[in-house]
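1. Sequence and predicted model, in that order:
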Amino acid sequence: MSPSNVPRSIVSMQLLTRLASEHGMSASDCLWGTGVSPEALADAHTEVLPAQELQLVRNIVARIGYLPALGLAAGARYHLSVYGVWGFALATSPTPRALAQVATRYLDLSFAFIRFSLRFDDGAPCVLMDDTGIADDVQQFLLERDFAAMVNAMTEVMPGASPFQSVHFRCAEPAYVTQFVELCGLRPQFGMPDNAVFLKPEYLDTVLPQGNELVSRACEDYCRRLLARKRKRVGMSARVRDRLLQTPNNMPDIEALAAELHMAPRSLRRRLQEEGTSFRALTEEVRQALAEEMLKTAKLKLDEIAERLGYAESASFIHAFKRWTGQSPTAFRRAHAR
């Protein structure tokens, strides 16, 4: 999956440029081809596109990528405080489960190029790290950076805990494997089918020391509005999302929607992939967002919610909701009762 095209803060480019400068690389060399001026780099209010940050990463890797574990060193600089409201929403999450759901739902407010997603395999929580669609020359750097940043976030909200059950990477074992061990507290397995972090199930609903459900909910609300504003500037995915929201109980399939947009289904798929998403992902995103909103605010029975979301029976809706969140709709409603 390709990286998102949602505008992001310049802060990540600042962090990477400082790292590169410590190894003798000038700011102008870092910024070559990015379209970002030194003045814009110095302004914390500047927003850039992921493609601009990706060019900066490419410049750095081309110049000093020979340094062992450069990506891990970069990721160590990403603390929750650099992410703004998204980081604050994570810091105040009441449980790791809630943190993971907020983190993945609003991932486009972070600096990640890796697409993180939370899945439950037979009840076991697993964070998948999808690096497909990222160019080979920067793939390893970004995988290391975003993995290290994720570990940093979990360490900050769960100081002293050991939440990882196992860590898998598709790449071959590097010579600096001990630095992975120092970072996450166990030796990862390399040459595996997927990049994935398996969490200990008992940690998922642990009460976090800085957790504050009211504050976290307010932050998540802000994240939702902020991301919606940012995505309005992102073309095709915004149009598809808006169309799906019009008839959530009877969503068109990709062939019908492509016909409405006067384009071939293949072209629509390609456009969505270029924007870091897919038709299926948008369909599930819309259904999940509407389901959560109805469970929180509407006094509807589960079969009524299922019908409004286009499910033939409530069992299908319940199964999908558990796959999205790891919780049943009833448990979610109870947890968000006001």
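-> That came in fine, so what should we check first?
2. Tell me the buried residues in the helix or strand of the chain with the lowest mean pLDDT?
-> Lowest on mean pLDDT, DSSP states H and E among the helices and strands of the chain sits helix 235-246, with a mean of 80. Buried residues in helix 235-246, counted by 16 or more other CB atoms under 10 Å: 236-238, 240-241, 243-244. Where you see a C-beta, it was placed from the backbone N, CA and C, and this is true even at glycine.
3. repeat for stretch 323-336
-> Here stretch 323-336 shows 324-327, 329, 332-333, 335 as buried, counting by 16+ other CB under 10 Å.
4. now do stretch 186-194
-> Applying 16+ other CB under 10 Å to stretch 186-194 flags residue 188 as buried.
5. which other residues reach that stretch?
-> 128-129, 164, 166-174, 177, 180-181 (CB atoms under 8 Å, 6 or more residues apart in numbering).
6. Then stretch 257-273?
-> 1-2, 133, 235-237, 239-240, 243, 252, 254-255, 278-279, 282.
7. quick one: the strands in the protein?
-> Ranges of strands in the chain, per DSSP state E, are 8-9, 47-48, 115-121, 124-130, 164-168, 196-199.
8. Which one of the ones you listed lies nearest to residue 307?
-> strand 115-121 (25.2 Å; CB to CB).
9. Measure how far that closest one is from the centre of its chain, please.
-> Remark: strand 115-121 is offset 10 Å from the chain centroid, using CA atoms, centre = their mean, to the nearest Å.
10. With stretch 55-66 instead?
-> 23 Å.
11. Now that stretch - C-alpha only, CSV.
-> The C-alpha coordinates for stretch 55-66 follow below in CSV (Å, rounded to 0.1, in the frame of the first residue of the first chain):
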residue,chain,number,x,y,z
GLN,A,55,12.5,12.9,-1.0
LEU,A,56,14.4,14.2,2.1
VAL,A,57,14.6,10.6,3.4
ARG,A,58,15.9,9.5,0.0
ASN,A,59,18.6,12.2,0.1
ILE,A,60,19.7,11.1,3.6
VAL,A,61,19.8,7.4,2.8
ALA,A,62,21.7,8.0,-0.4
ARG,A,63,24.4,10.0,1.6
ILE,A,64,24.7,8.3,5.0
GLY,A,65,22.6,5.2,4.6
TYR,A,66,25.7,3.1,5.1
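12. got a markdown table for the buried residues of stretch 323-336, with distance to residue 83 and pLDDT too?
-> Formatted as a markdown table, the buried residues of stretch 323-336 follow (distance: CB to CB, whole Å; pLDDT from 0 to 100):
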| residue | distance to residue 83 | pLDDT |
| --- | --- | --- |
| 324 | 23 | 85 |
| 325 | 22 | 82 |
| 326 | 23 | 83 |
| 327 | 25 | 84 |
| 329 | 30 | 90 |
| 332 | 25 | 86 |
| 333 | 29 | 87 |
| 335 | 24 | 82 |
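13. Pick the one among those residues closest to residue 53.
-> Using CB to CB, the buried residues of stretch 323-336 come closest to residue 53 at residue 324, 28.8 Å.
14. Residue 286 versus the closest one, what's the distance?
-> 12 Å (CB to CB, to the nearest Å).
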